[in-house]
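[1] Coordinates only, no sequence provided:
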Ligand code: DWN
Ligand code: SAH
């Protein structure tokens, strides 16, 4: 395999086997045509970059019917409000232009709409982009890349803030991404983004963060090294508890601002914990294998006791768990979810029925596999009446 940034050869250290498209919730009539790829991961030692080998084309994942909506979590809506306040307070002037990459249904950008700022979101998935536009969030229904960035004449070298969440790791061509940022960002502009954090994934053994959309799982060391190649610098980071452990990165042009002491401390911590070296990835591989054995044992035990098990939240992450651990409808009867676009379809690869919440309330199981473990507080509070057992492959 070839490192997607350095183009150097690397050896994949682990395969999760054949995987379908993580958000490819499927109709029965399409079972025979389902697309699979081999999900392998590698670690580029010179850039400390954790990455997928093969993956589906972006257009196969982000299209007319992408079934994830940022607004599906109340907690995340509130998080984006606070994130927007942080940007307004620190980086935005009254007349600044602001761009969001991967603006989805507009949940983040809504927080800027009533101000005087010129805003635009890039969102290639048509259905979610349309939802944003309906709610008056200016949106370009297209991929963020140099070709499309060049169309935004007024924003070229004139954008004070480019922000993003949970999308930079979805973009395979980081060279084109950073050149697009360079094209649009003003002289003193800031590129700020949040992504699932490699250190959290290693610590929690949350290998379900690895799926087709997540081409990279970034560390602070990797981000520092990659942006340095393009005359940008990472100047600060802020750990976030969202999506099971994320990192917020603040990037400026070279010679604009000074890296914070806080950043230095975090970089040092990654060195001490060996997150910058392949050693941690090899330990993680063993951890994943043990986690798989444990969760299979847990589910088999429940089944031998004739317990009824269901899944809660048909997350993208659950596709990795179900396919890697070979868990199908014979073990998990159904998965309940709030997203109309997923309901009455089947989970990718293993074909577990996805049902609405009323089905869950009428058919209460004994045990629930919480696939949205990252939204545990929000969900457990909401489902306080459920008296059975909640479990997951990560500690709840
Ligand atoms: O990076 C990504 C993150 C931001 O969102 C994308 N690649 C795709 C997606 O990942 P995910 O599907 O793992 O996201 P969530 O937010 O962990 O899960 C969303 C799913 O959970 C939706 O189908 C809605 C469902 N859900 C639910 O049924 N009840 C969520 C909540 C909070 C609930 O109460
Ligand atoms: N930022 C939102 C959505 C994350 S899901 C949040 O944090 O909740 C990833 C989103 O990025 C999807 O809506 C997908 O369509 C979009 N996306 C994927 N590749 C992209 C690209 N190259 N440019 C812009 N958006 C992209």
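    Thanks, I have it. Since the structure is predicted, the reported quantities are computational estimates derived from the model, not experimental observations. Ligands and ions are numbered 1, 2, ... in the order given.

[2] Burial check on whichever residue of the stretch 151-300 of the chain sits closest to ligand 1, number of neighbours?
    Nearest residue of the stretch 151-300 of the chain to ligand 1 (CB to the nearest ligand atom) works out as residue 166 at 3.6 Å. For glycine as for every other residue, the C-beta is placed from the backbone atoms N, C-alpha and C. Residue 166 is flanked by 20 other residues according to other CB atoms under 10 Å.

[3] what are the ranges of the helices in the protein?
    58-61, 74-90, 126-134, 146-149, 174-184, 198-204, 220-228, 261-272, 278-304, 316-324, 357-362, 376-382 (DSSP state H).

[4] residues from the stretch 151-300 of the chain in reach of ligand 1?
    166, 213, 243 (CB under 6 Å from any ligand atom).

[5] Which one of the residues in the stretch 101-250 of the chain is closest to ligand 2?
    Closest approach between the stretch 101-250 of the chain and ligand 2, counting by CB to the nearest ligand atom: residue 102, at 2.9 Å.

[6] quick revisit: pLDDT and distance to residue 107 for the residues of the stretch 151-300 of the chain next to ligand 1 - can I get that in CSV?
    Listed next are these as CSV, based on pLDDT from 0 to 100; distance: CB to CB, whole Å:
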residue, pLDDT, distance to residue 107
166, 98, 11
213, 98, 18
243, 97, 14
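
[7] out of these, who's near ligand 2?
    residue 166.

[8] Tabulate the residues of the stretch 151-300 of the chain next to ligand 1 (CSV), appending distance to residue 293.
    CSV is the format used below for these (distance: CB to CB, whole Å):
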residue, distance to residue 293
166, 30
213, 26
243, 25
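
[9] My guess is the residue of the stretch 151-300 of the chain closest to ligand 1 contacts residue 101. True?
    No. Residue 166 is beyond contact range of residue 101, at 10.3 Å (criterion: CB atoms under 8 Å).

[10] Distance-wise, check residue 283 relative to residue 178.
    30 Å (CB to CB, to the nearest Å).

[11] Who has more neighbours out of those two?
    Per other CB under 10 Å, whichever of residue 283 and residue 178 has more neighbours is residue 178, with 22 against 13.

[12] quick one: contacts for the nearest residue to the more buried one once chain neighbours are set aside?
    Closest residue in space to residue 178, ignoring its immediate chain neighbours: residue 230 at 4.6 Å, by CB to CB, 6 or more residues apart in numbering. By CB atoms under 8 Å, 6 or more residues apart in numbering, the residues touching residue 230 are 178-179, 182.

[13] Show the contacting residues for residue 282.
    Residues near residue 282 by CB under 8 Å, 6+ apart: residue 13.

[14] err, residue 378, not the other one
    Counting by CB under 8 Å, 6+ apart, the residues that residue 378 touches are 73-75.
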